[in-house]
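here is a sequence with its predicted model. Questions after.
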Amino acid sequence: MPHSFDKNGLQTLTQNEIVDNLTQDFKDIYGEDINVESNSPDGQLINIMAQMLEDQYELLNQVNASFDPDQAIGTVLDQRCAINGIQRKGGTYTYVTIEVEADRSVTLDGIDRVAPEQAYTISDNEGNLFVLSATTPINSGTSQLVFRALNVGNVEVLPNTITAPVTIILGVISVNNPGVAITQGTNEETDAELRERRKRSVAISNQGYVDGLAAALENLSDVTKVNVYQNRSNATD
């Protein structure tokens with residue numbers, strides 16, 4: 001089968017077809033009696049070249065398939081959904097209240113003044129980093145400060161687990177979170193979730209179809225989840 005792009009889409013050679021074509025090309029050059037077994041130098045060269053071509057054809061198929069929003073992934077999916085005016089829902093940060101104990105007056109830098117990587121940073125026992133939200137001068141004693149997870153997403157917080165200072169400041173004795181997160185972060189919308197939301201969005205204008213009905217119901221105020229059932233039999237359900 002030759003390469004083609006027709007009503008059935010992109011058609012490329014299979015690995016066996018590639019090997020057969022290369023083998024015949026080698027025989028046309030060197031003669032029908034050359035050794036092209038897999039353990040021969042020519043046979044190994046043919047298979048290496050065949051693998052290179054197969055990788056290129058696979059990449060070409062992926063590029064072609066990415067024009068379909070239901071098959072695109074990552075950044076390309078974002079571009080396809082943008083055609084329908086739909087953007088991926090970004091993740092949010094987790095915020096938590098931390099008790100910072102000091103034995104003198106110090107000023108702790110927050111992300112309002114410096115880059116997050118340079119802000120006063122602490123860690124939980126799982127290695128998750130938390131940075132101070134706002135630059136704050138504190139006095140001797142215990143102060144309650146709001147910290148933000150360094151990484152976006154659903155960072156779980158358990159009480160009394162954020163206890164390790166990463167940024168060492170003279171005067172800070174200890175840090176601890178007496179409770180759970182005050183704002184729980186969320187993960188960025190996955191490819192699968194974005195594809196499903198795009199499908200629902202473009203189906204809203206349909207009438208008489210299950211997807212359109214479900215999308216219209218989901219678009220109603222205070223509706224959080226919809227299941228639409230279709231009777232495909234000839235009998236009344």
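Done, it's in.

a helix runs through residue 163, doesn't it?
No. Residue 163 sits outside any helix when classified using DSSP: H, G, I helix; E, B strand; the rest coil, being strand.

who's the nearest residue to it once chain neighbours are set aside bridged to?
Take residue 163 and drop its neighbours on the chain: the residue closest to it by CB to CB, 6 or more residues apart in numbering is residue 176, 5.2 Å away. Quick note: C-beta positions are derived from backbone N, CA and C, even for glycine. Applying DSSP bridges to residue 176 gives these bridge partners: residue 99.

from what I can see residue 176 touches residue 160, true?
Yes. In this structure, residue 176 sits in contact with residue 160. The criterion is CB atoms under 8 Å, and the distance is 6.0 Å.

pick out whichever of those two has more residues nearby.
Legend: neighbour count by other CB atoms under 10 Å for residue 176 and residue 160, higher for residue 176 (15 against 11).

pLDDT on stretch 23-43, on average?
Per-region confidence: stretch 23-43 scores 91 on mean pLDDT.

what of stretch 201-210?
In this model, stretch 201-210 carries a mean pLDDT of 69.

what do you get for stretch 142-158?
The predicted confidence, averaged over stretch 142-158, sits at 96.

for it, which residues meet the burial criterion?
By neighbour count, with 16 or more other CB atoms under 10 Å as the criterion, the buried positions of stretch 142-158 are 145-150, 152, 155, 157.

again, but for stretch 118-137
Buried residues in stretch 118-137, counted by 16+ other CB under 10 Å: 119-124, 128-133, 136.

return the closest of those residues with respect to residue 191.
Out of the buried residues of stretch 118-137, the one with the shortest distance to residue 191 is residue 128. That distance is 24.7 Å, counting by CB to CB.
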